[in-house]
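Engineer: Following is a predicted model, sequence given first.
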Amino acid sequence: MSDITRAEVCIVACAEAFRGDGEILASPMGYTSMMGARLARLTFEPLLAMSDGVATLTGFGRSEEGRLTQTAEGWIPYRTIFDMVWHGRRHVMMGASQIDRFGNQNISMVGDFAQPKAQLIGARGAPGNTINHRTSYWVPTHNPQVFVPAVDFVCGIGNDRARALGKTARFHHLHRVITSLCVLDFETPDGSMRVRSLHPGVTLDEVKAATGFELAVAPDLAESRLPNEAELAIIRTTLDPKGFAAKELGA
Amino acid sequence: MADKRMTEEEVVAQLQSGMTIGIGGWGSRRKPLSLVAAIARSGLRDLTIVSYGGPDLGLLCATGKVKRAIYGFVSLDTIPLEPHFRAARQKGAIEASEIDEGMLQWGLYAAALRLPFLPTRAGLGSDVMKVNPWLKTVASPYDGDETLVAMPALHLDAALVHMNLADAQGNSAFLGPDPYFDDLFCMAAERRFVSCERIVSAAELATSPLQSLRVQRWMVDGVVEAPRGAHFTECLPDYGRDEAFMKEYAASAKSPEAWTAFYDRYIAVDHKGFLAAMEQRS
């Protein structure tokens, strides 16, 4: 299966982030992340609950011809999603305009807050998400402009900030960062970011050069898992037959 | 029975400069844009706008109406960043009170319930607390180890929301998938205004699904019939987001000339004029 693409590896890596989650709301932001959560739902994590992106809790399945099927399971307007966030049975996979070595994330603005160089979307639900439930990130463009020594505005809180809060932050849990180059986690003594696996064809030096801070490296650093035959069929016929995931990937 | 029907201009006549105004909907969904446009062409200024922000905030920034914005995000959804809001922020033209979107709900809910604050974890440890020194924390009286944000009530002088249907008394139906936080905006406000696609009889309104009758006459002071009043945001099932128009709106941020042309054509005119301009366009 030498024709497996980087985008397909990223979809599987995003799916793997949801492994073991069980019957909770998986909230992926971004296309590849969404494909990954759906792949997990259709294969090894069938209990995952997911939104259709609007207000319907949706059971995803696969027809005999391989088409994606959607069945309404419940009504989840924004206020119900907010309840689920604070209730905690949720795993969000957000994007990041900037992220630092402890996983502090910025989607608010670049520059000085009073008069930013670039106003971005705003903190959205990132502060509440990160302090309430498991959080992962999907970064389609792994470069030093995103992986920075210090973010300009902390929206999603990192492990250092959560630690400083003490008991109130006991539900904080940063799980994975999936990028165009690799998979990272925070399984280090001080909760800093660590390379867990490299996507096929990517070197550790390449990842380090694309990261603006010092990275820890897993002792058992592996190659990111390839999709198996069944997963590849689901990705190519059911989830992403037009290959949009490849368009999301940056350098 | 009270007849609360009025025009956009009559709503604006009840507003004053310096007021805090909450705007319902979400991003580019079910925004009361005919009311927003009426404010945009009025003499009002120095407004504080509370919103799950979309082009409502952008239009009011572009027309210089906004002193302060209280928001969790500002987005056009399919166009992720709101160009007029961005321009105002990057010029330092408005005071920004950016908070977590759940905190915004909590502030409205506290105001609705006449409480000084409601506690939440959201915001702790983030720079939302740094850039908003007006936000305080509170120790749990049951467990002093736990410190929470005391999200203060966001009292509104006025609330503006858009519904699919309403009767003349202000009972209203949202017929799309999400009520957003429109009832909370109304309950948090002194003066409450609903625009709607159609004003119908109480009997016809009553044929709507019971669960859709979320905004009720006790939370409404004025009702404006504004067909396509949420355009170019979506107002399902009546219409979806007008993506082509949204691109035209976004392009209007590219130069003062482009903005003037957009303003003259779509905003300077009243809602009837706007509908006529839309007719010519298609």
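Structural biologist: Looks like it arrived, so ask away. Numbering: from 1, shown residues only, chains lettered A, B, ... in the order given.

Engineer: Could you pull out the strands in the stretch 1-150 of chain B for me?
Structural biologist: For the stretch 1-150 of chain B, the strands defined by DSSP state E, counting those that start in this stretch cover B:20-23, B:47-53, B:66-74, B:95-98, B:117-120, B:136-139, B:147-152.

Engineer: and A:Arg236, how many residues sit next to it?
Structural biologist: Number of residues near A:Arg236 (other Cβ atoms under 10 Å in any protein chain shown) recorded here: 14. Using the backbone N, CA and C atoms, a C-beta is placed for each residue, glycine as well.

Engineer: Likewise for the one 4 residues further on?
Structural biologist: Here the number of neighbours of A:Asp240 (other Cβ under 10 Å) works out to 22.

Engineer: give the contact list for the closest residue to it other than its chain neighbours.
Structural biologist: Leaving aside its chain neighbours, A:Asp240 sits nearest to A:Met35 (5.4 Å; criterion: Cβ to Cβ, 6 or more residues apart in numbering or on different chains). Taking Cβ atoms under 8 Å, 6 or more residues apart in numbering or on different chains as the criterion, A:Met35 is in contact with A:Ile11, A:Cys14, A:Ile235, A:Leu239, A:Asp240, A:Ala245.

Engineer: just the helices in the stretch 101-250 of chain A please.
Structural biologist: In the stretch 101-250 of chain A, the helices defined using DSSP state H, counting those that start in this stretch lie at A:126-132, A:159-165, A:204-209, A:229-233, A:244-248.

Engineer: so which of those is the most packed in?
Structural biologist: helix A:126-132 (a mean of 29; mean count of other Cβ atoms under 10 Å in any protein chain shown).

Engineer: and that one, what does it pack onto?
Structural biologist: With contacts defined as 3 or more Cβ pairs under 8 Å, 6 or more residues apart in numbering or on different chains; DSSP states H and E, the packing partners of helix A:126-132 are helix A:78-87, strand A:90-94, helix A:159-165, helix B:101-112.

Engineer: State the mean pLDDT of the shortest one.
Structural biologist: So the one you mean is strand A:90-94. Per-residue pLDDT values over strand A:90-94 give a mean of 98.

Engineer: from the chain's centre, how far out does it sit?
Structural biologist: Strand A:90-94 has its average C-alpha position 7 Å from the chain's average C-alpha position, going by Cα atoms, centre = their mean, to the nearest Å.

Engineer: Determine if any part of it is in contact with chain B.
Structural biologist: No. Counting by Cβ under 8 Å from any Cβ of the partner chain, chain B is not contacted by strand A:90-94; separation bottoms out at 12.2 Å.

Engineer: Which other helices and strands does the next helix or strand after that strand contact?
Structural biologist: The helix or strand immediately downstream of strand A:90-94 is strand A:98-99, counting by DSSP states H and E. Where contact means 3+ Cβ pairs under 8 Å, 6+ apart, strand A:98-99 is packed against strand A:105-106.

Engineer: Against A:Tyr137, how distant is B:Gly125?
Structural biologist: From B:Gly125 across to A:Tyr137, the span is 17 Å (Cβ to Cβ, to the nearest Å).

Engineer: coming back round to it: for the helices and strands packed on helix A:126-132, give me a markdown table that also has distance to B:Ala188.
Structural biologist: Output for the helices and strands packed on helix A:126-132, formatted as a markdown table (distance: least, Cβ to Cβ, whole Å):
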| stretch | distance to B:Ala188 |
| --- | --- |
| helix A:78-87 | 14 |
| strand A:90-94 | 26 |
| helix A:159-165 | 29 |
| helix B:101-112 | 4 |
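
Engineer: Convert stretch A:181-195 to PDB, retaining C-alpha atoms only.
Structural biologist: Extracted as PDB, the C-alpha positions of stretch A:181-195 are listed here (Å, rounded to 0.1, in the frame of the first residue of the first chain):
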ATOM      1  CA  LEU A 181       4.300  16.000  10.300                       C
ATOM      2  CA  CYS A 182       3.800  14.000  13.500                       C
ATOM      3  CA  VAL A 183       1.800  13.100  16.600                       C
ATOM      4  CA  LEU A 184       2.700  14.700  19.900                       C
ATOM      5  CA  ASP A 185       1.600  14.100  23.500                       C
ATOM      6  CA  PHE A 186       2.300  15.500  26.900                       C
ATOM      7  CA  GLU A 187       3.500  12.400  28.700                       C
ATOM      8  CA  THR A 188       6.500  14.000  30.300                       C
ATOM      9  CA  PRO A 189       7.300  14.700  34.000                       C
ATOM     10  CA  ASP A 190       6.600  18.500  33.600                       C
ATOM     11  CA  GLY A 191       3.700  18.100  31.100                       C
ATOM     12  CA  SER A 192       5.600  19.600  28.200                       C
ATOM     13  CA  MET A 193       5.100  18.500  24.600                       C
ATOM     14  CA  ARG A 194       6.700  15.300  23.300                       C
ATOM     15  CA  VAL A 195       7.000  13.700  19.900                       C
END
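
Engineer: how about the helices in chain B?
Structural biologist: Remark: helices assigned in chain B by DSSP state H are B:8-13, B:33-40, B:55-62, B:83-90, B:101-112, B:128-131, B:182-187, B:202-205, B:243-251, B:256-262, B:271-281.

Engineer: Can you name the residues that contact B:Met6?
Structural biologist: B:Gly222, B:Val223, B:Val224.

Engineer: Reformat those residues as CSV; add pLDDT and neighbour count.
Structural biologist: Formatted as CSV, these follow (pLDDT from 0 to 100; neighbours: other Cβ atoms under 10 Å in any protein chain shown):
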residue, pLDDT, neighbour count
B:Gly222, 98, 21
B:Val223, 98, 27
B:Val224, 98, 26
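
Engineer: just to revisit the earlier point, tell me the one of the contacts of A:Met35 nearest A:His133?
Structural biologist: Using Cβ to Cβ, A:Cys14 comes nearest to A:His133 of the contacts of A:Met35, at 17.2 Å.

Engineer: Does that closest one touch A:Met93 like I think?
Structural biologist: Yes. Contact criterion Cβ atoms under 8 Å: A:Cys14 and A:Met93 qualify, at 6.6 Å.

Engineer: how many other residues sit next to the nearest residue to B:His271 once chain neighbours are set aside?
Structural biologist: Spatially, and ignoring its direct neighbours in sequence, B:His271 is nearest to B:Ser34 (4.5 Å; Cβ to Cβ, 6+ apart). The number of residues packed near B:Ser34 is 26, by other Cβ under 10 Å.

Engineer: What number of residues are in the vicinity of the residue nearest to B:Lys136 when sequence neighbours are not counted?
Structural biologist: Nearest residue to B:Lys136, sequence neighbours excluded (Cβ to Cβ, 6+ apart): B:Ala150, at 5.1 Å. Using other Cβ under 10 Å, B:Ala150 has 17 neighbouring residues.

Engineer: Could you pull up the contacting residues of B:Ala150?
Structural biologist: Going by Cβ under 8 Å, 6+ apart, the list of residues near B:Ala150 reads B:Pro116, B:Phe117, B:Leu118, B:Pro119, B:Leu135, B:Lys136, B:Thr137, B:Val138.

Engineer: any idea of the mean pLDDT in the helix or strand where A:Ser27 lies?
Structural biologist: Assessed by DSSP H and E, A:Ser27 sits inside strand A:25-28. Average pLDDT, strand A:25-28: 98.

Engineer: how far is that strand from where the chain is centred?
Structural biologist: 10 Å.

Engineer: could you check the angle strand A:90-94 makes with the helix or strand immediately after that strand in the chain?
Structural biologist: Remark: after strand A:25-28, the chain's next helix or strand is helix A:31-42, criterion DSSP H and E. Relative orientation of helix A:31-42 versus strand A:90-94 (axes from the mean of the first three to the mean of the last three Cα atoms, to 10 degrees): 150 degrees.
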